Every structure is written in C-alpha cells, then in structure tokens.
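**Q** here's a sequence, model it:
(one chain, ligands or ions: 2)
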Amino acid sequence: MILTAKDKKKLIGLVFLSFIITLIETIGIFSIVPFIAIASNPALISTGFYMKLYNILGFTSIPSFLILFGLILTGFFILRGIYSILHSYLLNSYVFGIFRSISRRLFQNYINMPYSDFANRNSADLIKSITSEAMYFSFILQYLLFFLSDIMILVCFYIVLLLVNIKATLILSVVLGVKVFALTKITSKIMKDEGVKRESFDKRLYKILTETFGNFKFIKMLPDKKNILKKMSDITEQITRTQTTYYTFMTIPKNILETIGFASLLLVIVFFIYKYSDSAFILPFISVYVMALYRMFPALSRILGSHNYLVFGSRGLDIVFKELTGKIEVENNEKIEFTKKIEIRNVNFSFEGREILKNINMIIEKGSKIAIIGESGSGKTTLVDIIIGIYKPEEGNIFIDDIAITNENIKDWRQKIGYIPQSIYLFDGTVAENVCFGLDYDEQKIIKALKKANIYDFLRQKEGLNTLVGENGIKLSGGQKQRIGIARALYRDPEILVLDEATSALDGEIENRIIEEVFNLSENITLVIIAHRKNTIKRCKIIYEFNNGILNLSTHQDV
Ligand SMILES: Nc1ncnc2c1ncn2[C@@H]1O[C@H](COP(=O)(O)OP(=O)(O)O)[C@@H](O)[C@H]1O
Ligand SMILES: [Mg+2]
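**A** Ligands and ions are numbered 1, 2, ... in the order given. This next block holds a predicted model:
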C-alpha cells in the first residue's frame, strides 16, 4: 500500500542479494575449518575427500596444497568484501530513495488535500511528517533488511553447526534462545512506548519552533523570554530522555549477548574437551564454533537492535500510512467559459455545525464591480472562498454561465481568478519569485504586473526584480507588501479579481490610491471587493451586505 510496485520489486531484489551474501559468507567462514584442520593435522590429507582433491589437482607437497587453499580463501574474502560494499551501496540508495519518494508523495498529498482539512491541521505537523516521519519510515525498511539478512546468517550458520555437532549446538541454542526471548520481551514494550512519546514530543517541538519564529516581533516585545525558552527546553529535555532510553536499550542486547556469548563459547569448548580428549582433533571443532559465533553474535545483537528500531520507529510507519491514505481531491482540467455571469444559487455552508452562510443567492455580471460588506466574522471570507473554489458549498452551487462548478472544471475556474487576501504571505526570496509564485517565470510579465500594481518604480531604486523581501516580506512596508500581493494576483491574467479586505490594514490615503489603481486597471475585469471602509467601495455600483449569514442587497445610502 505504501510502497509502489517498483519499490517492492527492489526490496525483494535486495533481500535476494542479502541471501547471496549470506551464502558466500557461510561458505567462506566454514571453509576456513578444513584449512585449519589440515594445517594442524597434515595427516588428514590422506583421508577421503581431501585425498581426492589433492590428487585431482595434482599436488605433490602438502605445503603447496595449503598455500593454494589459503590463497583461494583470501581471494574469496576479498570478493566478499567488494560484494558487501556494493550491497551496502544498493541498500543505502534504496533506503534514501524511499525517503525521497515518501516525502514527495506526502508533500503531493498535502498540497492536494481539501482546504477544509488543511484548516484543521497544523503546518508544523505536516512539515514534521515530510521530514522526520518519512525518514523514520525509510529507516524502518533499512532495519527490516538488516533484520532479514541477519536472520539468514543465523539460520545458515545454525544449519552448518547442527551438521558439525548436534548436541553442542542444541545446548548453545537453548542458552541463547532463552536470553534472546527474555530480552525482546522486556525491551519491546519500552521501545514501543518510547517511540510513541518520541513522535508526540517531536510534534510539539516543531510547533513551538514555528510559533516562535512566526511571532518574532511579539516575542521581541516580551519583558523576558523565560516562558518561551522554558517551553522549548522542557520539550527538548523529554526528547533527550526518550532518545537516551532508546539508545541505551539499543546497546543492552549487545552487552548482554557478549557476556552470554563468551560464557557459552567456553561451555562448548569444555564440552568438546570432555568428549574428545585429543587436542589436535578438537581444534577444528573449536575453530568452527569460534568462527561461527564470532559472526553470529554481532548478527544476533543486530537482530535485537533492528527489532528495537522496528518497534521504536513503528510510529513513523503508522503516520506515513495514515497520511498517504488521507483524503485528497481529484480535480480535472475541463474548460469552463465565463462570458456572462457568476451565479450563486441557494448556497449553505457551516463550520463545525454552525451555519455561516444561509441560503445565499447572488449574481455577479461579467465586468461588474461589486462590494461585499458586513461585520467581522459575518461570513464574507467564507463566501469568497466558496466563489473561488476553495471550499465546497454544502448545499447549492456556483454556476458560471449556467454551468455548475464541479471537480471536473474547478481547476480552470480557479485559474481565472486573482485573489488578494487580507494578509499576504511573502516568502523569503526575490520580488520576482514572489510574484510568479507557483507559475513559470516570465520576466516581461512580472514587470508588467509590478507596473500595474504601482510598485515597479519603487523597486527600481532598489535591486529591481531581484530585491529581496525577507521572510514574510519583513523588509517591506505593509503597503508595499500589499502591492506585491496585487502584482501576484495580476500575474495570472485574471478575469476576476477578488480583494478580501486586501487594503484595510493600510491607512486611508494609501488604501484610496491602491483601490483607485485597481479600478483603473480592471476595466474588463470583474471585481469583487470585500471592505470595511465606505471610501473603499464608493466606485462599486452593487453592494451586498451580510447580516447573520444572510446576504442582502444594499445601497450607498444604507452603508
Ligand atoms: N476553518 C474554520 N473552522 C471553523 N470556523 C471558522 C473557520 N473559518 C472561519 N470560521 C468562522 O466562520 C465565521 C465567518 O468567518 P469569515 O468568513 O472569515 O468572516 P469575515 O470574513 O466576514 O470576517 C467566523 O465566525 C469564524 O469564526
Ligand atoms: Mg474575512
């Protein structure tokens, strides 16, 4: 569900590669044993299998046989090393590729989610999913692969050990098995709890950071910053605690296993000495176990570590799954013509069960200039959001030249609209980047839009199109920011221009000038202005007034 078919295939391929590595490793390590056996007891060469090999290859002296054997083994281990590096490269590029594709898909889902869902989310949380949770998710895959390859190592080695000596191997496995089982039982629960805590602490940290930097002026004005600092350091303290617990528990299996490991190794040696008193004979056996355990303990402790990570990071998996299966809007590009009028028919809309718009009816003729007034909180922005296709009406609909807006044509409809909100968010970049935000860069068009918005001359005294605005336009005045917002709306060549109290934060003088300019440039444009002040709307022929969710026609005399 989360992984694409291609990623799944790659995953299976990687598991297969791990399996080959495991086989190479098993063969490599266990072929050292006959080597040691012959080296320590050359008489062995005259027995069965070795004799045949020795004769077939036409050797005349035992040392030359041993040298060749040793060289072959060396080559084998060099190959294994190269293969491991290659495998590790493939694994890492897979894991980080998954991070890339998951964060991309999360981002894509987020930018396509319904606005009403977005309004109920916290952007810090979305940022956290895209950066941190996607990373946790890809590491889960990595640890899963580690887990599988270590299991394979264990199984292969275990089979060989069983073939070498059943009794000793069984004793060993019972001792190890019990400890491993106990270790997993104890750590799983703790890891899971810490993983859940980790996610909720991360969420709070991201939130505190965005709140703080988003309110910098306010924070500057505070008598002291103790409270904010305390909030931040409390949360980092908790994060520190979960991470400390996690990393400590990560090392516990390794430590315990090493202790148990050496104890059980000694046990096996004692067993062999007790069983066979001939030291030349037991040396190969002991070397089998030493070699095998030398490789098995790290594998076993990595299995426990991976298991811990899988449990700890599973919260990332839950979140990625939830977010990727979240609701998105499928919208199409069907064309819609606007030549006559926009008609709002019987529109109802509520927020959280509270009716905001009650049976709204309204006609906006093409090219007309209309005003919407009403008290703050009366539903003006909500109505405009429905007209521009950001919210969907619960009942009723919007008709353009008698064709209803649906998911099929909503994209084309939105493209005809230039929207200037009350507060414009400018990102940290140049004026030009801010104007063409989300669209292709066209220098001439940007200049044209800036000229129309009456800000081009001011910019020419600075660095022109490349003037930096600072985060959220911190380097500009309110009026300048607003003009760039207007240029941004005009850059889209809108047929309809919507100003949602776009100038009410400015002083009367500047507001008048900007509104005057907007009227002058929108001869053929349909204009919808939401405003507070009388002056702003004096050139609008049609005025609607909101009252308790009900919209009525009004006149200049009433206002
Ligand atoms: N996303 C939302 N969730 C819940 N209530 C909302 C949401 N957005 C706006 N509201 C509420 O809807 C009402 C109308 O808001 P709005 O249309 O922004 O008013 P206006 O633009 O006229 O000042 C307000 O009471 C506001 O609290
Ligand atoms: Mg509003």
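**Q** all strands for the stretch 301-450 of the chain, in order.
**A** Counting by DSSP state E, counting those that start in this stretch, the stretch 301-450 of the chain has strands at residues 341-351, 354-365, 369-373, 395-400, 403-404, 417-420.
**Q** could those strands go into JSON lines alongside mean neighbour count and mean pLDDT?
**A** Backbone N, C-alpha and C define where each C-beta goes, glycine included. As requested, these are exported to JSON lines (neighbours: other Cβ atoms under 10 Å; pLDDT from 0 to 100):
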{"stretch": "strand 341-351", "mean neighbour count": "17", "mean pLDDT": "93"}
{"stretch": "strand 354-365", "mean neighbour count": "17", "mean pLDDT": "92"}
{"stretch": "strand 369-373", "mean neighbour count": "23", "mean pLDDT": "91"}
{"stretch": "strand 395-400", "mean neighbour count": "18", "mean pLDDT": "94"}
{"stretch": "strand 403-404", "mean neighbour count": "14", "mean pLDDT": "94"}
{"stretch": "strand 417-420", "mean neighbour count": "23", "mean pLDDT": "92"}
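**Q** and the ones you listed: which comes nearest ligand 1?
**A** Comparing these by their distance to ligand 1 (Cβ to the nearest ligand atom), the top pick is strand 341-351, with 3.4 Å.
**Q** give me the distance between the closest one and the centre of its chain.
**A** Distance, stretch centre to chain centre, for strand 341-351: 37 Å (Cα atoms, centre = their mean, to the nearest Å).
**Q** what lines up beside it in the sheet?
**A** strand 354-365 (antiparallel), strand 395-400 (antiparallel) (DSSP bridges).
**Q** re the thing from before, with distance to ligand 1 as new columns, can the strands of the stretch 301-450 of the chain be given to me in TSV?
**A** Formatted as TSV, the strands of the stretch 301-450 of the chain follow (distance: least, Cβ to the nearest ligand atom, whole Å):
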stretch	distance to ligand 1
strand 341-351	3
strand 354-365	5
strand 369-373	9
strand 395-400	16
strand 403-404	23
strand 417-420	13
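**Q** so what's Thr381 closest to, chain neighbours aside?
**A** Distances taken as Cβ to Cβ, 6 or more residues apart in numbering place Asp500 nearest to Thr381, at 5.6 Å, with adjacent residues excluded.
**Q** how about the strands of the stretch 301-450 of the chain in JSON lines, adding distance to Tyr274?
**A** Listed next are the strands of the stretch 301-450 of the chain as JSON lines, based on distance: least, Cβ to Cβ, whole Å:
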{"stretch": "strand 341-351", "distance to Tyr274": "81"}
{"stretch": "strand 354-365", "distance to Tyr274": "83"}
{"stretch": "strand 369-373", "distance to Tyr274": "96"}
{"stretch": "strand 395-400", "distance to Tyr274": "88"}
{"stretch": "strand 403-404", "distance to Tyr274": "90"}
{"stretch": "strand 417-420", "distance to Tyr274": "87"}
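**Q** for the ones you listed, which one sits closest to Met221?
**A** strand 417-420 (28.7 Å; Cβ to Cβ).
**Q** what's around the closest residue to Thr467 other than its chain neighbours, how many residues?
**A** Distance criterion Cβ to Cβ, 6+ apart; nearest residue to Thr467, sequence neighbours excluded, is Val431 at 4.9 Å. Neighbours of Val431 under the rule other Cβ atoms under 10 Å: 27.
**Q** do you know how far Val431 is from Arg492?
**A** 16 Å (Cβ to Cβ, to the nearest Å).
**Q** now do Leu468
**A** Plainly put, Leu468 is 23 Å away from Arg492 if you go by Cβ to Cβ.
**Q** quick one, which of the two is more surrounded?
**A** Neighbours per residue (other Cβ under 10 Å) separate Leu468 from Arg492, with Arg492 holding more: 19 against 16.
**Q** and the stretch 51-200 of the chain, which of its residues are near ligand 1?
**A** By the rule Cβ under 6 Å from any ligand atom, the part of the stretch 51-200 of the chain lying against ligand 1 is Ala119.
**Q** any weak-confidence spans in the stretch 51-200 of the chain?
**A** Scanning the stretch 51-200 of the chain for pLDDT under 70 picks out the ranges 51-55, 57-60.
**Q** now the helix or strand containing Lys481: buried residues?
**A** Assessed by DSSP states H and E, Lys481 sits inside helix 478-490. Residues Gly479, Gln480, Lys481, Gln482, Arg483, Ile484, Gly485, Ile486, Ala487, Arg488, Ala489, Leu490 are the ones in helix 478-490 that count as buried (16 or more other Cβ atoms under 10 Å).
**Q** same deal with stretch 511-520?
**A** Here stretch 511-520 shows Glu511, Asn512, Ile514, Ile515, Val518, Phe519 as buried, counting by 16+ other Cβ under 10 Å.
**Q** hmm, back to that, any idea how far the residue nearest to Thr467 is from ligand 1?
**A** Per Cβ to the nearest ligand atom, to the nearest Å, Val431 is found 28 Å from ligand 1.
**Q** please apply the same query to Lys538.
**A** 20 Å.
**Q** same thing with Tyr276?
**A** Distance of Tyr276 to ligand 1, computed by Cβ to the nearest ligand atom: 80 Å.
**Q** helix or strand for Val528, which one?
**A** Counting by DSSP H and E, Val528 is part of strand 526-530.
**Q** Gly549: how many residues sit nearby?
**A** 20.
**Q** just the pLDDT for it.
**A** We have a pLDDT of 81 for Gly549.
**Q** and it, backbone torsions?
**A** phi 80, psi 0 (degrees, to the nearest 10).
**Q** surely it is in contact with Glu355?
**A** Yes - if you go by Cβ atoms under 8 Å, Gly549 and Glu355 touch, sitting 5.8 Å apart.
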